[in-house]
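>>> sequence-free structure coming up:
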């Protein structure tokens, strides 16, 4: 009995050590960026891993003004929020149709949608650019929303389908007997019961599109319409990198994602574990 308790204690200690190690690995880059963002350029080159001798908070003000991060942040927010709302609405509707409604091509539709997860964005970049140029969608934020929505939908549909399939049949059948329409069932019963899945898909969609660079860099050339990741590239020139401005700009860019994960971390964990069991 004592040996068993010792084994349990040893395994528990090892698990805690592993998690502490993982926390250090994930937090160390963020701490280093925050520390470096308060240094002068000379300090960064001389001692990149040491603590700053003085806290230069003016670096953030200079980076905000030089990179026009306020406008870029509003552009990113507009694109990400619109994409998020459309992805959650269309993705959940498609997932409900595939997971709960009986029709012959449900599985084929699911396979077709999941194929979108296997197509790299690089493969469709040139055709998208040519097509959007013909439609006048280049240098247009809606020209970013459309591909963002397209690449976000497969993951949303895949996750939400598992949540909708977990809803008891008796609950939906009783709603039908009471005279509920399919829309009433979807919006009043299915969506509220699957709100954890909405949290997960919504957060994944927002974070992925907030950090997206390639499409925004190709489709947007107007400085007033650039998103936040594109604005960060202003601090990198062919001859030098303005590290004393770039690191504060990076911190400004990642702060919203840190806030989002901090506020909704419990919902993310619950949603992923529930979805893993239900799927």
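Arrived safely. In this text the structure is predicted, and so the values were computed from the model without any measurement.
>>> now do the SS call for the closest residue to residue 219 other than its chain neighbours.
Of all residues not flanking residue 219 in the chain, residue 143 sits nearest, at 5.1 Å (Cβ to Cβ, 6 or more residues apart in numbering). All C-beta spots, glycine's among them, are computed from the backbone N, C-alpha and C. Here residue 143 is recorded as helix under DSSP: H, G, I helix; E, B strand; the rest coil.
>>> quick one: contacts for residue 143?
Going by Cβ atoms under 8 Å, 6 or more residues apart in numbering, residue 143 touches 132, 137, 219, 220.
>>> may I see those arranged in JSON lines, with secondary structure and pLDDT as well?
JSON lines is the format used below for those (DSSP: H, G, I helix; E, B strand; the rest coil; pLDDT from 0 to 100):
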{"residue": "132", "secondary structure": "helix", "pLDDT": "87"}
{"residue": "137", "secondary structure": "coil", "pLDDT": "85"}
{"residue": "219", "secondary structure": "helix", "pLDDT": "90"}
{"residue": "220", "secondary structure": "coil", "pLDDT": "88"}
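>>> export those residues to JSON lines and tack on distance to residue 22?
Formatted as JSON lines, the contacts of residue 143 follow (distance: Cβ to Cβ, whole Å):
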{"residue": "132", "distance to residue 22": "41"}
{"residue": "137", "distance to residue 22": "42"}
{"residue": "219", "distance to residue 22": "37"}
{"residue": "220", "distance to residue 22": "36"}
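>>> any weak-confidence spans in the stretch 1-150 of the chain?
Across the stretch 1-150 of the chain, the ranges flagged by pLDDT under 70 are 1-8.
>>> gap between residue 256 and residue 194?
Going from residue 256 to residue 194 by Cβ to Cβ, to the nearest Å gives 26 Å.
>>> between the two, which has more neighbouring residues?
residue 194 (27 against 17; other Cβ atoms under 10 Å).
>>> host element of the residue nearest to that one when sequence neighbours are not counted?
Among residues not flanking residue 194 along the chain, residue 163 sits closest, at 4.0 Å (Cβ to Cβ, 6+ apart). Assigned by DSSP states H and E, residue 163 falls within helix 142-165.
>>> by contact count, what packs against the helix or strand following that helix?
Downstream of helix 142-165, the first helix or strand assigned by DSSP H and E is helix 169-177. Secondary-structure packing of helix 169-177 (3 or more Cβ pairs under 8 Å, 6 or more residues apart in numbering; DSSP states H and E): helix 182-185.
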